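In: Output the structure for:
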Amino acid sequence: KPLDSAALTISLENAERMCDMINRIGDETYDFPSAGGVISKSAFNQLFRSAIDRVSRYNESAQVLFISIPNYEDIKIDDGKYAADYAVSKLAQNLVRLRRQSDILAQTGENEFALLLQRPQTATESSDAAKRFSAALDDQSDITSNGVTDLFIEVSLVNLPTGALEFKRTSRITAQNAASAG
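Out: Numbers count the residues shown, from 1 in each chain. Reported below is the predicted structural model:
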């Protein structure tokens, strides 16, 4: 007492983010196959739930780094399904190349990937990784096909089990044919 309404709002947002994450990753109505260094969503769900348990039980640290293409549907509408799927496929290839061997990478949505970062050695290791991924993906112009729609890549880091958003950045990659479309 007195109640800090700003802190309460942040706690509610974190709880909502955590519940959404658990529901989305645990949704078994669709799955993505394991391929090329990317594990399936169902396998990731098991590791994700285990990480939440370990954080609570052993006071360990863990975060989930989400990398997505938020304008996937726009690309599909404007440039076609091939262009949208090409962007997701190229993003997956780049993530496999950028990640450390110990990082667990999964496809958790049609346009989303997640890395489970467990037991970081320093307090800033996970946020440094998020910044590194975000910066590295800025330079990946090969992700776009010959379409006219710019591609957005969102990188966000969520703490387990609090759901606190520790990092969020959106990058824009200019479409290869954007200049000729105007």
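In: What strand or helix carries residue 42?
Out: According to DSSP states H and E, residue 42 maps onto helix 41-58.
In: in that helix, what's buried?
Out: 41-42, 44-45, 48, 51-52, 54-55 (16 or more other C-beta atoms under 10 Å). (C-beta placed from N, C-alpha, C; glycine too.)
In: what would the residues you listed look like in a markdown table with distance to residue 146 and pLDDT?
Out: Output for the buried residues of helix 41-58, formatted as a markdown table (distance: C-beta to C-beta, whole Å; pLDDT from 0 to 100):
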| residue | distance to residue 146 | pLDDT |
| --- | --- | --- |
| 41 | 30 | 96 |
| 42 | 34 | 96 |
| 44 | 32 | 97 |
| 45 | 36 | 97 |
| 48 | 36 | 96 |
| 51 | 40 | 95 |
| 52 | 42 | 95 |
| 54 | 45 | 93 |
| 55 | 44 | 93 |
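In: re the thing from before, only alpha carbons, please: show the next helix or strand after the helix holding residue 42 as CSV.
Out: Next in sequence after helix 41-58, counting helices and strands by DSSP H and E, comes strand 62-68. Only the C-alpha atoms of strand 62-68 are listed here, as CSV (Å, rounded to 0.1, in the frame of the first residue of the first chain):
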residue,chain,number,x,y,z
ALA,A,62,15.6,-18.6,-19.3
GLN,A,63,14.2,-16.5,-22.1
VAL,A,64,12.5,-17.1,-25.4
LEU,A,65,13.6,-15.1,-28.4
PHE,A,66,10.9,-14.7,-31.0
ILE,A,67,11.7,-13.8,-34.6
SER,A,68,8.8,-13.2,-36.9
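In: now for strand 62-68, which elements pack on it?
Out: The contact analysis (3 or more C-beta pairs under 8 Å, 6 or more residues apart in numbering; DSSP states H and E) places strand 62-68 against helix 41-58, strand 112-118, helix 125-138, strand 151-160.
In: can you pull the contacts of the spatially most central residue of the chain?
Out: Nearest to the mean C-alpha position of the chain, by C-alpha atoms, centre = their mean, lies residue 66 at 1.5 Å. Neighbour list for residue 66: 108, 112-114, 154-158 [criterion: C-beta atoms under 8 Å, 6 or more residues apart in numbering].
In: Neighbour-wise, which one of the residues you listed leads?
Out: In terms of neighbour count, residue 114 stands highest of those at 27 neighbours, by other C-beta atoms under 10 Å.
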